[in-house]
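>>> predicted coordinates and the sequence they were generated for:
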Amino acid sequence: MKNKLWKLAKMMMNFKEYETEQGKLVVNGEIEVGTEVAVENENGELQPAEGEYIIDGLKVTVEAGKITEVEKPEELPAEETTETEEKLEETTETTETSEELQPDEKDLKIQELEGLLSGAEAAIEELTAKVQELEGLLSDREVAIEELTAQIKELEDKINKPVEEPVKMAATVKEITKPQSGALKFFQEK
């Protein structure tokens, strides 16, 4: 993660990469005293550089990740000069290509983030609509419960209301069980 952040920072700032005999150097700005310098290790991670390097034909001394001295070497062997110039050309081509790609990469990243944001906004709108729908259903249920509660109370009041007069029945049990004389004669005659 740390390495990805460093690469992103490098992409957004004015970093330049240089191939040296000691490895790839990343310089934050111009080659001058006080400029930050990092070196890429075998894992591809950047860490503060330390030591002497030949960059663009200059002998650069770096301590604790910062350039402390820049001097033009008096005499470099012809082989080393040619090698350094070839590496410089490669690095310059790589740096120019990286710089050309940076705006496109930024645009792609911006488009990707805009797409994610648009998707999140759509999800939020959908969830908001669902919440409003559920709130409406809940409100309807609360009204129905209130109506049913009122009806139950009304019924309870009717049931619990004391009776003012006793209820008169049409016939008593004794009258129902007592046989009628006329009807009994009718059955007995047959």
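Okay, I see it.
>>> please enumerate the strands of the chain.
Taking DSSP state E, the strands of the chain run over residues 15-20, 23-28, 37-40, 46-48, 51-55, 58-63, 66-71.
>>> low-confidence stretches in this structure?
Low-confidence segments of the chain, defined by pLDDT under 70: 1-14, 73-103, 166-190.
>>> that older thread, would a markdown table of the strands of the chain with mean neighbour count be doable?
Bear in mind the C-beta positions are built from the backbone N, C-alpha and C, glycine included. Putting those into a markdown table (neighbours: other Cβ atoms under 10 Å) gives the following:
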| stretch | mean neighbour count |
| --- | --- |
| strand 15-20 | 19 |
| strand 23-28 | 18 |
| strand 37-40 | 21 |
| strand 46-48 | 16 |
| strand 51-55 | 17 |
| strand 58-63 | 18 |
| strand 66-71 | 15 |
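>>> which one of those strands lies nearest to residue 163?
Closest approach to residue 163 among the strands of the chain (Cβ to Cβ): strand 46-48, 96.4 Å.
>>> adjacent strands (with direction) for the closest one?
Using DSSP bridges, strand 46-48 pairs in its sheet with strand 37-40 (antiparallel).
>>> and the helices in this structure, which stretches?
2-12, 78-160, 173-177, 181-189 (DSSP state H).
>>> against residue 67, how distant is residue 20?
Distance of residue 20 to residue 67, given as Cβ to Cβ, to the nearest Å: 13 Å.
>>> could you do residue 156 as well?
Separation of residue 156 from residue 67 (Cβ to Cβ): 92 Å.
>>> could you find the closest non-adjacent residue to residue 26?
residue 38 (4.6 Å; Cβ to Cβ, 6 or more residues apart in numbering).
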